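Chemist: coords please:
(one chain, ligands or ions: 1)
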Amino acid sequence: MTKTILRALAGETLPTPPIWMMRQAGRYLPEYRATRAEAGDFLSLCYNSELAAEVTLQPIRRYGFDASILFADILLLPQALGVDLWFVTGEGPRMTTTTTASELAALKPIDAIHDTLNPVYETVRILRRELPQETTLIGFAGAPWTVATYMIAGQGTPDQGPAHALKNTDRETFKGIIDLLTDATIEYLCQQIEAGAEVVKIFDSWAGSLQGQDFEEFAVEPARKITAAIKSRHPGFPVIAFPRGAGERYVGLHEKIGADCIALDDGVTPEWAAANVQTGGCVQGNLKSSHMVTGGEDLVRETRRVVDALSKGPHIFNLGHGITPDADPENVQLMIDTIRNG
Ligand SMILES: Cc1c2[nH]c(c1CCC(=O)O)Cc1[nH]c(c(CCC(=O)O)c1C)Cc1[nH]c(c(CCC(=O)O)c1C)Cc1[nH]c(c(C)c1CCC(=O)O)C2
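Modeler: Predicted coordinates:
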């Protein structure tokens with residue numbers, strides 16, 4: 001029997017939506033913290049295929065989610081292109097910046113990325129052997145714009161200011177970065193697919209800060225190119241696009257990007273999404289992740305609200321963004337019970 005997530009992605013309306021959560025393998029789980037300590041640090045965990053597979057499996061064992069997402073990070077790709085990457089505890093990622101034509105030219109050729117990323121493909125192979133038969137394996141990459149915002153600033157920024165500045169002052173170099181990331185992402189995702197990923201998701205966490213034509217050119221168009229290349233090499237292969245913060249621009253995105261599913265953040269209501277986005281195909285989302293911290297009746301009510309609002313079309317239940325380290329694991333169970341038992 002076809003796995004539930006693949007059925008939803010193919011456009012089927014299911015009586016109970018399949019469930020997974022962004023960042024489901026993460027610091028809110030004691031077993032994750034233990035394995036991360038064993039690995040030493042976050043990046044060592046990403047490149048240790050056995051341990052990365054182990055943390056991917058932990059939330060599947062604990063909760064029986066319908067899908068698991070490969071444990072890795074969107075910033076491994078720029079690292080594979082030759083950028084220095086490290087994580088500062090309590091602050092987040094840091095990397096050497098790429099802001100000039102010569103720095104762009106000094107990056108490694110796309111063919112070389114697999115030397116660094118091979119352990120990620122090995123994680124995928126291990127997972128396909130070890131996941132329960134009914135669990136779908138999702139691979140992923142960052143969208144070019146979101147990855148570029150980190151490469152240009154050298155860190156996370158509240159408003160992606162440095163990337164917007166480069167876009168406006170040296171458009172040629174900026175476009176060169178986007179084009180390189182687009183092509184590299186295609187190769188990266190295709191290797192994940194060949195290793196056994198059954199769906200891929202493109203994370204564009206900062207899509208919402210692109211305005212007007214920039215949104216079309218640097219959020220929609222790269223996602224469209226990546227999706228088209230994947231589907232030309234692997235006909236019918238399902239793709240989820242997550243242009244976070246798209247707001248009203250979520251309308252029509254299935255068609256524009258060619259994706260099978262559009263993932264929704266919590267900036268739109270599920271009722272609005274049912275009327276305006278789900279009409280184009282499967283949607284994923286969009287419970288506020290703060291309910292995993294606060295729990296209680298609000299969690300139950302809002303979970304039911306998302307399920308009910310999106311029940312008339314293809315829907316994969318998820319949060320609007322990743323679960324946070326302060327979430328209570330019991331609230332995750334309450335959410336799942338609410339979805340599965342009404
Ligand atoms: C912007 C971004 C990154 N990484 C990612 C994004 C896009 C999605 C989003 O907006 O959340 C995506 C990502 N990061 C991670 C995954 C694995 C799959 C999953 O569990 O969803 C995925 C899909 C693991 C991770 N990536 C990171 C962690 C926490 C690592 C740890 O300290 O153990 C995990 C589980 C670290 C990370 N990685 C990144 C940041 C900014 C941080 C630090 C912030 C934080 O600490 O939460 C870059």
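Chemist: next SSE after the helix or strand encompassing Ala52?
Modeler: In this assignment (DSSP states H and E), Ala52 forms part of helix 49-63. With elements assigned by DSSP H and E, the helix or strand that comes after helix 49-63 is strand 67-69.
Chemist: For that next one, give the mean pLDDT please.
Modeler: Across strand 67-69, pLDDT averages out at 98.
Chemist: residues in contact with whatever helix or strand comes next after it?
Modeler: Downstream of strand 67-69, the next assigned helix or strand under DSSP H and E is helix 76-80. With Cβ atoms under 8 Å, 6 or more residues apart in numbering as the test, helix 76-80 has contacts from 46, 85, 95, 98, 108, 112-117, 120, 141-142, 147, 150-151, 181, 184-185, 188. Every residue, glycine included, has its C-beta placed from N, CA and C.
Chemist: At the contact with the ligand, which residues of the protein appear?
Modeler: 22-27, 36, 42, 69, 71-75, 92-93, 140, 142, 156, 203, 205, 322 (Cβ under 6 Å from any ligand atom).
Chemist: what's the span of stretch 129-137 from first residue to last?
Modeler: 11 Å (Cα to Cα, to the nearest Å).
Chemist: how far does that stretch sit from the chain's center?
Modeler: With Cα atoms, centre = their mean, to the nearest Å as the basis, stretch 129-137 stands 19 Å off its chain's centre.
Chemist: Just the buried residues of it, please?
Modeler: 131, 135-137 (16 or more other Cβ atoms under 10 Å).
Chemist: Residues contacting it, please?
Modeler: So stretch 129-137 is contacted by 3-6, 18, 53, 57, 60, 65-68, 70, 124, 127-128, 196-199 (Cβ under 8 Å, 6+ apart).
Chemist: Please indicate which of these are buried?
Modeler: Buried, going by 16+ other Cβ under 10 Å: 3-6, 18, 53, 57, 60, 65-68, 70, 124, 127, 196-199, out of these.
Chemist: buried residues in the helix or strand harbouring Gly176?
Modeler: Secondary structure from DSSP H and E places Gly176 in helix 171-195. Neighbour-count burial for helix 171-195, counted by 16+ other Cβ under 10 Å, picks out 173-174, 176-178, 180-193, 195.
Chemist: Please apply the same query to stretch 211-218.
Modeler: Applying 16+ other Cβ under 10 Å to stretch 211-218 flags 215, 218 as buried.
Chemist: mean confidence score for that stretch?
Modeler: pLDDT averaged over stretch 211-218 gives 98.
Chemist: mind listing what whatever residue of the chain ends up closest to the ligand touches?
Modeler: Nearest to the ligand, among the residues of the chain, is Ser205, at 3.2 Å (Cβ to the nearest ligand atom). Contacts for Ser205 (Cβ under 8 Å, 6+ apart) come out as 142, 146, 242, 244.
Chemist: again with Arg94
Modeler: Arg94 neighbours (Cβ under 8 Å, 6+ apart): 85-88, 154-155.
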